[in-house]
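> give me the fold of what follows.
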Amino acid sequence: MKNHVLRPLWVAIAFVALILLARYVMVPRDFGVQGDSFTFNFHRAGNVDEWKNMPAVAYLGGETCVECHDEQGAALEDSPHVIIQCENCHGPGRDHPETENPATMTIDRSRGLCLRCHADLGYENSSRADLPGINPEEHNIDTQCVQCHNPHTAEFKEDA
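Okay, here's the model as predicted:
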């Protein structure tokens with residue numbers, strides 16, 4: 001064969017060999033070895049044990065929260081935020097309070113959480129048009145929303 005045919009052929013063979021070598025080095029040994037029970041065998045057998053050992057995130061729901069936190073539950077009843085589950089801001093309630101772990105739950109006070117609903121998108125005919133919206137680049141830029149607003153009642157704080 002002529003060189004103009006052999007050179008591209010050797011380049012193609014080298015490219016395929018490089019891909020196979022990279023696959024051999026990078027793909028875990030237990031990838032696709034678990035049989036026909038998994039779709040297309042695109043699954044790593046060791047991943048099953050990793051997922052079994054990962055703690056599940058469990059949300060309890062607002063009904064569970066108000067059993068102990070009835071004051072906050074009562075405040076929410078007359079608030080437009082009544083439709084929002086407590087755990088959206090307070091995190092998953094798994095292991096609380098039975099094991100006292102965590103004894104107090106971490107509260108997300110970030111502006112980003114409030115802005116998920118209250119950023120003014122400028123769509124007048126959308127379902128979000130009824131929500132009070134702000135321009136996050138102009139409205140109290142360096143301030144967390146909860147410094148001025150009570151999230152349980154959706155009202156201004158009196159001391160703010």
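
> what are the boundaries of the strands in the protein?
In the chain, the strands defined using DSSP state E lie at 149-150, 155-156.

> which elements pack onto the last one?
I take that to be strand 155-156. When contacts are defined as 3 or more CB pairs under 8 Å, 6 or more residues apart in numbering; DSSP states H and E, strand 155-156 sits against strand 149-150. Every residue, glycine included, has its C-beta placed from N, CA and C.

> then the first one?
Helices and strands in packing contact with strand 149-150 are listed as strand 155-156; criterion 3+ CB pairs under 8 Å, 6+ apart.

> can I get the helix or strand bottoming out on mean pLDDT in the chain as PDB, trimmed to CA atoms?
The weakest-scoring helix or strand in the chain, judged by mean pLDDT, DSSP states H and E, is helix 45-53 (a mean of 79). Taking Å, rounded to 0.1, in the frame of the first residue of the first chain, the C-alpha atoms of helix 45-53 are listed here in PDB:
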ATOM      1  CA  ALA A  45     -21.400  -3.200  41.500                       C
ATOM      2  CA  GLY A  46     -19.500  -1.400  44.400                       C
ATOM      3  CA  ASN A  47     -21.900   1.500  44.100                       C
ATOM      4  CA  VAL A  48     -24.700  -0.600  45.700                       C
ATOM      5  CA  ASP A  49     -22.900  -0.800  49.000                       C
ATOM      6  CA  GLU A  50     -21.900   2.900  48.900                       C
ATOM      7  CA  TRP A  51     -25.600   3.900  48.500                       C
ATOM      8  CA  LYS A  52     -26.600   1.400  51.300                       C
ATOM      9  CA  ASN A  53     -24.200   3.100  53.700                       C
END
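
> buried deepest among the strands of the chain, which one?
Highest mean neighbour count among the strands of the chain (mean count of other CB atoms under 10 Å): strand 149-150, with a mean of 16.
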